[in-house]
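# sequence first, predicted coordinates after that:
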Amino acid sequence: MWPRSSPADQTVSGEDVLQAWFVLAVAAGYVTTLFLVAWWGDRRSAGGPLVSPNSWAAAISYCLTLAVYNTSWSFYGSVGRAATSGLDFATIYIGPTLVLLFGQRVLSKVIAIAKAQNVTSISDFIAARYGKSQVLAAFVTLASLLGVLPYIALQLKAVGKSFDYLILQPERAGGEALRFWQDSAFGVAASMALFAIVFGVRHVHASEHHRGLMLAIAFESVVKLLAFLIVALFVLFGLSGGPAALLSQFQSEPQLAGILSFDPTQPVWPATIIISAIAFLCLPQAFHVAVVENEAPSHTRTAAWLYPSYLALFSLLILPIAAAGLARFGAMMDPDTYVISLPIAADASTVSLIAFLGGLSAATGMVIMTSVALSTMLCNDVIMPLLLRSRVFGLRAQSRPMTSVLVTVRRLSILGILLLAYLMHRLVNQSYPLTVIGLLSFVAVAQFGPAFVGGLFWPRANKAGASIGIAIGFLIWAYALLLPSAAPLWPAIEEIVRHGPWQLAWLKPNALLGLEGIDPISHATLWSLGANLVCFLMVSALGRQSTVERNQAAAFADGVVRENTPRLSSRVVVRLDDLRALALRFVGPVRGAAAFDSYLAARIAGSGPRLDPSGFVDLDSIRFTENLLAGAIGAASARVVIAASLEGHSLSRRAAMAMLDEASEALRFNRSLLQSTLESVPQGICAFDADFNITAWNGRFIALLDLPPDFVRVGLPLADLIAFNVERGEYAASEFAALLVNRDVATQSWPYLYERKRPDGTVLEIVYDRVAEGGYVSTYTDVTERHRAAEALRRANEGLELRVRERTEALELAKADAEQANLGKTRFLAAASHDLLQPLNAARLFLSALDESLHASSRAGDADKERTLASSAITALRSTEHVLDRLLDISSYDARAVRAEVFDFPIADLFVQLNLEFSAMARERGLDLDVVDCRLAVRSDPHLLRRILQNLLSNALRYTPKGRILLGCRRRGDALRIEVWDTGVGIAASDQKRIFEEFQRLAPGSEKGLGLGLAIVDRVSRLLDHAIDVHSRPGHGSCFAVTVPLARGTGRPLQRNPASSAPVAAERPLTILCLDNDATILQGLTALLGAWGHRVLVAANAAEAMAAATASPPDIVLLDYHLDGGRSGLDFLDDLRQKSSGEVRALVVTGDRSEAVRKEARARGCEILSKPVKPAALRRFLGGEALSRQFGTKQEIP
């Protein structure tokens, strides 16, 4: 906690005071550094940009120049605003952030139009939109000057005040009158005037880039941020004791808590955000750096995140300084001086000097750029039109060059602007807060907003609406804000502010129409901007546009860029030499001659009428000259100059203006027709002039090359386009030279065709060809699919065997996964099925043994009746097993234990299998089974889909007494509908949902079913996400259909089911060891195997089995998996194999159908039979052929 200091405590001894001469020397050194940076930048950029416009360095430099928006208001005033109004200071940063984040389309459009129209300033931009009106341009210029002068005065005031506090003479900053040579602000103004004159007014062409000046502005942006960061860190750690101590002060002192307070519902928040967003675009210096000096539209995308980050860091650093100032000084010191007062009070001379340099940097950057921008506006839109009407400098004085006049006028304008700003600084009350002065200028500049934004997106906006709207808005601004700020100077004005004119309270500047209770900035913003917008909309809606206004409205609203006008017949009799001489007067002999030489070369190389340098001109050459002049003296003045030059050459000035309007109208029509034609072509098209500069393109060209929409513009060199693609990795830098087809066009064979593969895999066929006019046209065709087809064909020819092997392996993996998924069971059903199947297995074994015995007896003529009974019992057990299998399947599907293995396969393969399986069954029942061949492929799990069709065919056979059954397909869009038709008994509509429930049998069939088939169909179809449909009429038959997605290709063929095993030859007698913990199963196995002639050894546990195997080594071991004591039959097998000298063959007989048991058995080379054991399967295994396969292919026993 800092103790409260008295005024006496705020002074220090003389030994600690920085001498004025030392501070001035440091300031002079800093300004000298700026001169050196700008000089170095100008020298390095004499032959072109310092760095590639598309590089990161150029983008970062552009973003730093945008920080000219951060003036001494940000450096000093925002701290004072935070100390008095909390987070309200952040509103002036939210507006620009919103513009950059969400206004990229607006900003890119403004830049593109400005480049196409050769715009030099904000006044030139607005005037060009509204018919190139010289009156409107002059009005916008004078309004800008009036509105921005207080802003420049603010910078001078801030520098002067910080200098006075730094040398500890606060009485100088408190209002004491000084002679101008004693005022530090005068020295700043003089040095900035010199700097702006030297580096800001070196060229006549105002739209040229001032790269040295921009480098100096970027350098200043870094300096002021670093200085502010150093002061904030010093305050945070040197004075506050660190972030933790500062937070505790926020909690303990109520006055500090106000710094973090904010109320977005207060009018000041939306008002300040709106005017700051408009000011970011319309302030003369902001427009100049953001638009006129922009060298690559892509820089705005970098600025969208980098400059808001700059603002966020600045805002964050404001808080600790404001808190420290309040804690240290409270209300006894001007909050605007906290940045420099805190280091002074702490005897930190170095930090205080750094703070002064940071404030100086923030102020000088704004003063320089504003004076340069305003001088261009004054020269082009106010002074030059007046000079051109005089006899000395008028258009009739053909011999007098104007380049030196333009430069001189702009330099004198800079001196006049800074002189006026200094006088305003002297007049403004010293106690007036910096923030209030800045917002006063923001509200003034915001009056350009409706005309600026409306002109971009509303084609009906006209000059009258823009002029009246801006005029009304400025009048209200001057009355509501500017007049009260001058009240301390004149008592009469103070009387009006307090009581209103003529004592009319409803006309008080701060309470118009009785609206009271809001701050002056919000009040003035509401009335001025609201009246401006209403007048702009109403007058534009009711008024009419001239021809040139309509043309310019189309150019701005539609983003149409300049092109050569069509060669129309003309009544003009002025010669081309006259236009050349006119241009050379204003743009200089070097630039003017070079521009005309290039123009003539292009005309000679092109088609159409040739242009004789000494002959008469056409409209095309007039438009070219007008655009060339616009870059030097502005669009409005250029139009007047061209019209005046035609006057006296068979045309009046009005006729000349009409001729130019006619040319513009023809240009707009032809441009629209050309663009519509280009957009209708499916290929990408881009046209170039003779120098390989882009002249036209279509949207497909942008899409195929994946270019930023704002990157391509008229005049963009092909080399720049290729360089841009190299930088983003479209092709290697080593290919750069090979891609420039204009190296030697004379020897180049045309058309020039090549293909290029983009990083995303797209292959483009690019064709360049010459056109009769002397330019070139390129077409871009996406041939990716053609290349893919060719590559696929090549791979098919070269690697067919490899693909077959890969697909076979993939199919085997898919089959293994499907089998694993189908064998999953829940733990409960696994245990239950094991206990249930044990007695069934034993019964099956006993009955099979009995059947074998009776069969032998029947051959001898005995026991026919007993054999019939045994067969009936076996059939009943087989039906019970079938029911249990179906129930286990339903349980697996319900538990999601079955996983679908989906892939593409021909449906014909599945139909062949089904035909083989069911054709014999149909013949036995006297039915015809027709399977219609289908050559399409589907995407499904073939095993599960077959399960569905098996059940549907089984139902059809069961419920069709006579007639036929049909299996076929219909294509339905992207799906295949597989249908099973029958001529059976049919199903009532009320029962068509119930048949999919378990144990539902609705009609008698030829044989009794279980009622589980369609329940399985329903579950499998839901698992595969295949729709099932039923259509049926009782007495006429039914149609069951399953809809399956179609495959994209032919799919991979399905493996054929192995042929049924041939009857096994009689086995040789074997010694078989049976291990099972169920005595009845052991008895059944003994009976059955004994009936087959084998010697059977039985054991109920591992110890008995080991003893029996030791006494009589078995040929084969039949093992149950689950034994008593937590051991398994496979554990016993491992022990037995360790003690045996040879390999022991084994078969696992178990009721556990889990995949884990199956894998464990296979790992030991064992096959598995599931209980209840089918005697035929067991007999095949015991046969010699089965034993030979056990350690070979290890095929599973069916």
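Received the coordinates, thanks. Numbering: from 1, shown residues only.
# where does the stretch 401-550 of the chain have low pLDDT?
401-403, 428-435, 486-493, 497, 499, 503, 505-506, 514 (pLDDT under 70).
# per-domain residue ranges of the protein.
14-42+62-450, 574-676, 681-789, 903-1045, 1071-1190 (automatic domain parsing).
# so which strand or helix has residue 769?
Residue 769 belongs to strand 763-770 when assigned by DSSP states H and E.
# now for that strand, which elements pack on it?
Using 3 or more C-beta pairs under 8 Å, 6 or more residues apart in numbering; DSSP states H and E, the elements in contact with strand 763-770 are strand 752-757, strand 776-782, helix 784-798. Where you see a C-beta, it was placed from the backbone N, CA and C, and this is true even at glycine.
# how about those in TSV, adding distance to residue 245, mean pLDDT and mean neighbour count?
Converted to TSV, the helices and strands packed on strand 763-770 look like this (distance: least, C-beta to C-beta, whole Å; pLDDT from 0 to 100; neighbours: other C-beta atoms under 10 Å):
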stretch	distance to residue 245	mean pLDDT	mean neighbour count
strand 752-757	61	74	13
strand 776-782	64	81	20
helix 784-798	64	77	11
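# a markdown table for those, including distance to residue 113?
Putting those into a markdown table (distance: least, C-beta to C-beta, whole Å) gives the following:
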| stretch | distance to residue 113 |
| --- | --- |
| strand 752-757 | 32 |
| strand 776-782 | 26 |
| helix 784-798 | 36 |
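# thinking again about what came up before, okay, the domains of the chain, which one's buried deepest?
Across those, averaging neighbours per residue (mean count of other C-beta atoms under 10 Å) puts domain 14-42+62-450 on top, at a mean of 21.
# okay, residue 551 and residue 545: tell me how far apart.
Going from residue 551 to residue 545 by C-beta to C-beta, to the nearest Å gives 9 Å.
# higher neighbour count, the two?
Each of residue 551 and residue 545 has its neighbours counted (other C-beta atoms under 10 Å); residue 551 has more, 24 against 20.
# for that one, helix, strand, or coil?
helix (DSSP: H, G, I helix; E, B strand; the rest coil).
# wait, which of the helices and strands packed on strand 763-770 is closest to residue 288?
Minimum separation from residue 288 across the helices and strands packed on strand 763-770 (C-beta to C-beta) falls at strand 776-782, 35.4 Å.
# remind me what the closest one packs against, helices and strands.
Counting contacts by 3+ C-beta pairs under 8 Å, 6+ apart, strand 776-782 is packed against strand 684-688, helix 699-705, strand 763-770.
# and the ones you listed as CSV, adding distance to residue 964 and mean pLDDT?
Shown next, in CSV, are the helices and strands packed on strand 776-782 (distance: least, C-beta to C-beta, whole Å; pLDDT from 0 to 100):
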stretch, distance to residue 964, mean pLDDT
strand 684-688, 59, 83
helix 699-705, 57, 80
strand 763-770, 54, 79
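# out of these, the one nearest residue 284 is which?
Closest to residue 284 of the helices and strands packed on strand 776-782 is helix 699-705 (C-beta to C-beta; 33.1 Å).
# export that closest one to CSV, keeping only CA atoms.
Provided in CSV are the C-alpha atoms of helix 699-705 (Å, rounded to 0.1, in the frame of the first residue of the first chain):
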residue,chain,number,x,y,z
GLY,A,699,-15.2,-17.2,-60.6
ARG,A,700,-14.2,-20.7,-61.7
PHE,A,701,-10.6,-19.5,-62.1
ILE,A,702,-10.6,-18.4,-58.5
ALA,A,703,-12.2,-21.6,-57.3
LEU,A,704,-9.9,-24.0,-59.2
LEU,A,705,-6.7,-22.2,-58.0
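# show me what it is in contact with.
679, 681-686, 707, 709, 712, 725, 762, 764, 780, 782 (C-beta atoms under 8 Å, 6 or more residues apart in numbering).
# going by distance to residue 1022, which of these wins?
Taking the contacts of helix 699-705 together and measuring to residue 1022 by C-beta to C-beta, the closest member is residue 762, at 40.4 Å.
# quick one: pLDDT of the closest one?
pLDDT, residue 762: 80.
# residue 597 now?
pLDDT, residue 597: 65.
# do the same with the one 5 residues further on
Looking at residue 602, its pLDDT is 63.
# repeat for residue 993
pLDDT, residue 993: 80.
# now it: how far from residue 276?
Applying C-beta to C-beta, the value for residue 993 to residue 276 is 67 Å.
# same question, residue 1112
102 Å.
# going along the chain, name the helices of the stretch 401-550 of the chain.
With DSSP state H, counting those that start in this stretch, the ranges of helices along the stretch 401-550 of the chain come out as 403-427, 434-445, 449-457, 463-477, 483-485, 491-499, 520-542, 547-557.
# what sits up against the second one?
Applying C-beta under 8 Å, 6+ apart, the contact partners of helix 434-445 are 71-73, 76-78, 80-81, 89, 92, 143-144, 146-148, 150-151, 153-154, 157-158, 272, 275-276, 278-279, 282-283, 336, 428, 474, 477, 481-482, 485, 521, 524-525, 528-529.
# surely residue 116 and residue 556 touch.
No - at 9.9 Å, residue 116 does not count as touching residue 556 under the criterion of C-beta atoms under 8 Å.
# in contact with the closest residue in space to residue 152 that isn't next to it in sequence, which residues?
Excluding the flanking residues, the one nearest residue 152 by C-beta to C-beta, 6 or more residues apart in numbering is residue 421, at 3.7 Å. Shown in contact with residue 421 (C-beta under 8 Å, 6+ apart): 149, 152, 153, 156, 189, 367.
# closest one of these to residue 512?
Out of those, the member with the shortest distance to residue 512 (by C-beta to C-beta) is residue 149, at 24.1 Å.
# how long is stretch 94-114 end to end?
One end of stretch 94-114 sits 26 Å from the other (C-alpha to C-alpha, to the nearest Å).
# brain fart, stretch 1070-1083
Criterion C-alpha to C-alpha; first-to-last residue distance in stretch 1070-1083 is 17 Å.
# and stretch 84-95, by the same measure?
21 Å.
# give the rounded mean pLDDT of the helix or strand harbouring residue 322.
Using DSSP H and E, residue 322 sits within helix 299-329. Per-region confidence: helix 299-329 scores 89 on mean pLDDT.
# between helix 299-329 and the helix or strand that that helix is followed by, find me the angle.
Downstream of helix 299-329, the first helix or strand assigned by DSSP H and E is helix 338-345. With axes from the mean of the first three to the mean of the last three C-alpha atoms, to 10 degrees applied, the angle from helix 338-345 to helix 299-329 works out at 50 degrees.
# CA atoms of stretch 417-429 as CSV?
Only the C-alpha atoms of stretch 417-429 are listed here, as CSV (Å, rounded to 0.1, in the frame of the first residue of the first chain):
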residue,chain,number,x,y,z
ILE,A,417,-2.3,22.5,-40.9
LEU,A,418,0.3,22.2,-38.1
LEU,A,419,0.2,25.9,-37.5
LEU,A,420,-3.6,25.8,-37.1
ALA,A,421,-3.3,22.8,-34.8
TYR,A,422,-0.7,24.6,-32.7
LEU,A,423,-3.0,27.6,-32.4
MET,A,424,-5.9,25.4,-31.4
HIS,A,425,-3.6,23.8,-28.8
ARG,A,426,-2.9,27.2,-27.3
LEU,A,427,-6.6,28.0,-27.2
VAL,A,428,-7.9,24.8,-25.8
ASN,A,429,-8.3,24.7,-22.0
